[in-house]
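1. when you get a sec, could you give me coordinates for this:
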Amino acid sequence: MADKTHFGLTAVDTVPLHEKVYLELVRALMSGQFAPGQKLTSRKLAKELGTSDMPVRSAFMRLQALRALSPMPNGSVEVPIISAERFSQLTAVRTILEGSATELAAALINGNNLRAIRRHCTELTEAARKGDIDDYLRKNYNFKFSIYRHCGNEQMIFLIETVWMQVGPFLRNLASPHSASITRGASPRSKLRTGCAPAPPSCAT
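-> Have a look, this model is predicted:
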């Protein structure tokens, strides 16, 4: 919702529609809302987003360039199914980038920031205990990036986001409601409620 100005006017939203659509698809990919192998069409997504096809197609092209989506012969796109080797390589990249971002953020985070991070941690733990995969993946994304966005390095955040767009959909397979992986992940993160340091970057998801 747009903010009110000093004179009581409603501030005009200057973010272009195509950028809003792109950012919404980026968020959905990083938070695991799309599954590996899922077919996406501009018509269906445009209907869900309440837009025309054009900004969705524009977002598709940008996401293909980042290897987050793969083109299909009929003009639609697919969420890639990544191999075990590629996932392992991406995980190694995540460990380096996210470890560095966490270390940088730890030196910059203030009390208000830490309270927000702890709130995200509590929400993540609760989603894990409920076994709600969709909510868990959203809260996992919120928690991790509530730390990384305080690292003070926009280029590092961009690189982390680029990797997450590729691995985000696969995280759904690692944290299914029929496995114990969700609840196992809740325990170490819950320490944040009483500790002062962000969770270690080596967490599975």
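2. whichever strand or helix holds Asn112 packs against which elements?
-> With elements taken from DSSP states H and E, the one containing Asn112 is helix 111-130. For helix 111-130, the elements it packs on are helix 133-148, helix 181-190, judged by 3 or more CB pairs under 8 Å, 6 or more residues apart in numbering; DSSP states H and E. Backbone N, C-alpha and C define where each C-beta goes, glycine included.
3. which of those helices has the lowest mean pLDDT?
-> For those, the bottom mean pLDDT is recorded on helix 181-190, which sits at a mean of 49.
4. one step back: what mean pLDDT does the helix holding Asn112 get?
-> Rounded mean pLDDT across helix 111-130 is 93.
5. ok now it, how far from the chain's centre?
-> Average the C-alpha atoms of helix 111-130, do the same for its chain, and the two points are 15 Å apart (CA atoms, centre = their mean, to the nearest Å).
6. alpha carbons of that helix, as CSV, please.
-> C-alpha atoms of helix 111-130 as CSV (Å, rounded to 0.1, in the frame of the first residue of the first chain):
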residue,chain,number,x,y,z
GLY,A,111,18.9,-4.5,17.9
ASN,A,112,15.8,-3.7,15.7
ASN,A,113,17.2,-5.9,12.9
LEU,A,114,17.9,-8.7,15.3
ARG,A,115,14.4,-8.6,16.7
ALA,A,116,13.0,-8.9,13.1
ILE,A,117,15.4,-11.8,12.4
ARG,A,118,14.3,-13.6,15.6
ARG,A,119,10.6,-13.1,14.6
HIS,A,120,11.3,-14.7,11.2
CYS,A,121,13.2,-17.5,12.9
THR,A,122,10.2,-18.2,15.2
GLU,A,123,7.8,-18.2,12.2
LEU,A,124,10.1,-20.6,10.4
THR,A,125,10.3,-23.0,13.4
GLU,A,126,6.5,-22.9,13.7
ALA,A,127,6.0,-23.7,10.0
ALA,A,128,8.5,-26.6,10.4
ARG,A,129,6.6,-28.1,13.3
LYS,A,130,3.3,-27.9,11.5
